[in-house]
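Trainee: sharing a sequence plus its predicted fold:
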Amino acid sequence: MLEVTVIEDASAAAATLDPVRARLLAELAVGPASATMLAGRVGLPRQKVNYHLKTLERHGLVELAGERRKGNVTERLMRASAASYVISPLALAQVQPDPDRFRDHLSARWMLAVAARLVRDVGSLITGAARARKRLATYALDGEIRFASAADRAAFVEELTRGVGALIARYHDEHGEGGRAHRIVFALHPTVRPEGASPGSDGAGAGSDAPASGGEAPALDRPSTTSDGV
């Protein structure tokens, strides 16, 4: 089972958005189960559950884990193909965000368009690497930083932009033989507070559309690093 898989097909995405099928996916991410076992958990007739499982299987969202005999019947044990799923903007290709349409480094909505492109591109790369049975070299930083003031936040962004710009200038080779272009993304936004938490001194929280700094540079908060492969 994959940890995360990206759904690029619109009909597959629609299948996961059905509440019953989403519940079945959650159950099958925990472990294999038959339609009979699932029927008792979700409170639906076995035939109805079996219909939903066939739909999910057709889109590659669940797969056969094994079979077992129960009396005179052979039950199919199904499992989710991934622990979690992300819907790519490709599933809504005609209306997917386009960060090249406008560029505003202080726009939260432009940051969202950049993030959507990241999901789309990395999802496509994962799919291509899996088909070719090749590793996909990626790198990410993720963390959190607390600024004492808005002035400190602005100074951080300015210093980070200069530093990353210098690194890009040092390593970028427009005509490097055998080279490959890589996209760099940096995003800085207020941390979303848990529901019911009291507001912090920055005054921004969940649901706020306060300006957030964003640009093309790697995330450099308190870092945790990952390197993904297929």
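Mentor: Nice, I can see it. Since this is a predicted model, take the numbers as computed values, not measurements.

Trainee: element containing the spatially most central residue of the chain, please.
Mentor: The geometric centre of the chain, computed from its C-alpha atoms, lies nearest to Val86 (C-alpha atoms, centre = their mean), at 4.8 Å. Secondary structure assignment for Val86, by DSSP states H and E: strand 82-87.

Trainee: any idea how the protein splits into domains?
Mentor: Domain ranges of the chain: 2-85, 101-193+209-226, per automatic domain parsing.

Trainee: that older thread, show me the contact partners of the strand holding Val86.
Mentor: With contacts defined as C-beta atoms under 8 Å, 6 or more residues apart in numbering, strand 82-87 is touched by 1-7, 13, 16, 25, 29, 61, 119, 123. (C-beta placed from N, C-alpha, C; glycine too.)

Trainee: show me these that map onto helices.
Mentor: Residues of those located in helices (DSSP state H): Ala13, Thr16, Leu25, Ala29, Val119, Gly123.

Trainee: hmm, the last one is touching Asp9, no?
Mentor: If I follow you right, that is Gly123. No: using C-beta atoms under 8 Å as the test, Gly123 is too far from Asp9 to be in contact (11.3 Å).

Trainee: least confident pick among the contacts of strand 82-87?
Mentor: Least confident entry in the contacts of strand 82-87, by pLDDT: Met1, with 73.

Trainee: would you map the helices across this structure?
Mentor: 10-17, 19-30, 35-42, 46-58, 108-132, 150-171.

Trainee: in this protein, where is pLDDT below threshold?
Mentor: For the chain, the stretches with pLDDT under 70 are 197-230.
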